[in-house]
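Asks: Next input, structure requested:
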Amino acid sequence: MKKVILTAAVLFTGLASQGQDLISGGSNSWILHTPDGGSLPHKLHIAPKVNGNWSWSSELEYTSDGVLKVPSKLAIGMGDDNPSGSFAAQTVTNMKLVLNKNNASSISFIPNNSDSWFHFGHGLNNSLELSQGPNPGDIKLMTFKNTGYIGIGTQNPDQLLTVKGKIHSEEVIVDLSVPADYVFEKYYEGTSELKEDYKMPSLEEVEAFTKKNHHLPSVPSAATIQKEGLQLKEMTNLLLQKIEELTLYTIEQEKRIKALEKKLAEKK
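Replies: Numbering: from 1, shown residues only. A predicted model of the protein is given here:
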């Protein structure tokens, strides 16, 4: 390709002032055509002869300002004799980078063993997709929506990050503006800056509620979780709230037990 550009540039310099065409001999003929006219940039057209006629639909156009125009139906191969896209570059170890593989709007990365091809493709649905397989879009791995939402294992993310499957992580950090320490604040101080409207239920109220609803107060029911999913941030804080309530129930019971033990000891 570099040789073609260099040759075209040299020929263009020699022919532009003459307004002449240069035609190669033999049955495999090519024409180097420079149109007359003084408008800039000057142009050099390179086209093959097909069935006795110049195939201008397959021409290369090189301009005096250094632009090389290639028809969309043609492909450029660098180290690749049979490019499968509009541009293909192959290394000496047979690894490839392909643009617009099989007419898809994509960038493809192909290893030297032809396995695990990966593609970044942009379709007509306002999304960018990472896929795997011989062709762009065969096995969709990740989807990036124009809303900023990212989907892993799903093409329809409904949050900034939506994962359909398991997540393996060493740590998850969740911001929480109202942690459950309002339970202790309200119990010991009589008020809570974290959650002023919190009221700790009595054990009798808990019993009545669980008997009727079959789940703890403030905690979503099984039907709600099955329908809407479990909110990790909300549920973790609710569980901490219940642990703090249980701790206070235990402290109160311990006090009653000790009071009863003291009365029993005094009667002896």
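Asks: Residue 86 and residue 99 touch, don't they?
Replies: Yes. If you go by C-beta atoms under 8 Å, residue 86 and residue 99 touch, sitting 5.3 Å apart. C-beta: built from backbone N, CA, C; applies to glycine.
Asks: Same question for the strand or helix carrying residue 246: list its buried residues.
Replies: Secondary structure assigned from DSSP states H and E places residue 246 in helix 232-267. Within helix 232-267, the residues scored as buried using 16 or more other C-beta atoms under 10 Å are 236-238, 241-242, 244-245, 248.
Asks: Now those in CSV, please, with extra columns for distance to residue 205 and pLDDT.
Replies: Shown next, in CSV, are those (distance: C-beta to C-beta, whole Å; pLDDT from 0 to 100):
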residue, distance to residue 205, pLDDT
236, 23, 94
237, 20, 95
238, 17, 96
241, 15, 97
242, 14, 97
244, 16, 97
245, 11, 97
248, 14, 97
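Asks: Kindly present those as CSV, with separate columns for distance to residue 145.
Replies: CSV is the format used below for those (distance: C-beta to C-beta, whole Å):
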residue, distance to residue 145
236, 28
237, 30
238, 31
241, 35
242, 37
244, 40
245, 42
248, 46
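Asks: Which one of those residues is nearest to residue 261?
Replies: Within the buried residues of helix 232-267, the smallest distance to residue 261 is 20.4 Å, found for residue 248 (C-beta to C-beta).
Asks: residues in contact with the closest one?
Replies: 183-184, 187, 200 (C-beta atoms under 8 Å, 6 or more residues apart in numbering).
Asks: Now for these: which two are most distant?
Replies: 184 and 200 (9.9 Å).
Asks: Can you pull the poorly scored residue ranges out of the stretch 101-250 of the chain?
Replies: 114, 123 (pLDDT under 70).
Asks: Would you state the strands of it in chain order?
Replies: Remark: strands assigned in the stretch 101-250 of the chain by DSSP state E, counting those that start in this stretch are 106-110, 118-122, 127-132, 139-145, 150-152, 161-163.
Asks: Let's have the ones you listed in CSV, adding mean neighbour count and distance to residue 220.
Replies: Shown next, in CSV, are those (neighbours: other C-beta atoms under 10 Å; distance: least, C-beta to C-beta, whole Å):
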stretch, mean neighbour count, distance to residue 220
strand 106-110, 20, 43
strand 118-122, 19, 39
strand 127-132, 18, 32
strand 139-145, 17, 28
strand 150-152, 18, 25
strand 161-163, 14, 20
